[in-house]
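Undergrad: Sequence plus predicted model, see below.
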Amino acid sequence: MTRLSVNINKIATLRNSRGGNNPDVLQTALKLEKFGAQGITVHPRPDERHITYQDVFDLKAKISTEFNIEGNPLEQKFIDLVLANKPEQVTLVPDAQGQLTSNHGWDTIKNKAFLKNIISTFKSEGIRVSIFVDPNLEMIDAAVETGTDRIELYTESYAKSFLENKEKAIEPFILAANKAKENDLGINAGHDLDLQNLKYFAQQVPDLLEVSIGHALICDALIYGLENTVQLYLRELK
């Protein structure tokens with residue numbers, strides 16, 4: 001079964017919009033674990049507009065499931081944060097400063113040397129590394145040469161085209177996953193996956209290890225409740 005890692009950035013966004021500690025990010029993460037989530041994902045950005053760096057330390061000290069820290073390693077502060085907390089996984093994302101949300105994968109050809117160096121740094125500390133990539137075979141070939149353990153397929157294009165033509169939408173992701181499998185790369189996925197499109201994606205993409213879902217899951221939780229929503233997403237992955 002593909003593992004479900006819940007991105008809790010939106011919980012932190014809600015907290016920060018009012019000040020104080022409501023909702024409590026740590027307690028929400030612990031409840032998500034209790035409700036069946038198999039991982040917790042955070043994406044601290046330099047301006048700390050949602051997840052703060054202190055949140056990362058607080059979460060690492062208390063959660064028991066897989067911890068995945070996402071971010072752009074161009075920031076030394078991010079590198080230091082990851083090395084100080086040693087999560088089970090770090091996912092490298094090429095976000096620009098102040099970017100609203102992730103919107104593309106790495107150019108692994110252009111950034112190969114940079115990625116190879118930073119991936120080596122994290123792996124030397126026992127941290128599994130995944131890098132965010134588009135479903136582009138050339139980029140996956142170059143990703144192999146960076147030394148990464150996994151790739152995370154950026155799934156926005158699939159989500160946007162799913163209702164119009166799901167077979168066409170999924171095709172590049174199947175090809176990308178097969179290319180990754182040929183090169184012994186683990187496969188994660190994320191961005192705009194939801195209760196409508198998740199099951200088909202998980203059924204069609206071979207050897208999908210993990211999905212990271214935040215925005216859609218938290219939105220659904222407003223209607224269905226957090227515990228029920230986690231179970232609904234897990235059911236789609238079975």
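TA: Now that the structure is in, tell me what you want to look at.

Undergrad: what residue ranges in this protein are flagged as low confidence?
TA: Applying pLDDT under 70 to the chain flags the ranges 96-103.

Undergrad: Could you pull out the strands in it for me?
TA: Ranges of strands in the chain, per DSSP state E, are 3-7, 39-42, 66-71, 89-92, 128-133, 150-154, 186-190, 208-213.

Undergrad: May I see these organised as CSV, with distance to residue 140 and mean neighbour count added?
TA: C-beta here means a position set from N, CA and C on the backbone, and glycine is covered the same way. Shown next, in CSV, are those (distance: least, C-beta to C-beta, whole Å; neighbours: other C-beta atoms under 10 Å):
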stretch, distance to residue 140, mean neighbour count
strand 3-7, 21, 24
strand 39-42, 22, 25
strand 66-71, 19, 23
strand 89-92, 15, 27
strand 128-133, 6, 24
strand 150-154, 6, 26
strand 186-190, 10, 24
strand 208-213, 15, 23
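
Undergrad: Quick one: those as a markdown table, columns for distance to residue 54 too.
TA: Shown next, in a markdown table, are those (distance: least, C-beta to C-beta, whole Å):
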| stretch | distance to residue 54 |
| --- | --- |
| strand 3-7 | 18 |
| strand 39-42 | 11 |
| strand 66-71 | 14 |
| strand 89-92 | 18 |
| strand 128-133 | 24 |
| strand 150-154 | 25 |
| strand 186-190 | 24 |
| strand 208-213 | 22 |
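
Undergrad: Can you pull up the most central residue in the protein?
TA: The residue lying closest to the centre of the chain (C-alpha atoms, centre = their mean) is residue 212, at 4.2 Å.

Undergrad: Name the single longest helix found in the protein.
TA: For the chain, the longest helix by residue count, based on DSSP state H, is helix 166-182.

Undergrad: was I right about the residue nearest to the centre of the chain contacting residue 66?
TA: No. The pair residue 212 and residue 66 fails to qualify as a contact (C-beta atoms under 8 Å) at a distance of 10.5 Å.

Undergrad: Which neighbours do these two have in common?
TA: Residues touching both residue 212 and residue 66 (C-beta atoms under 8 Å, 6 or more residues apart in numbering): 5, 39.
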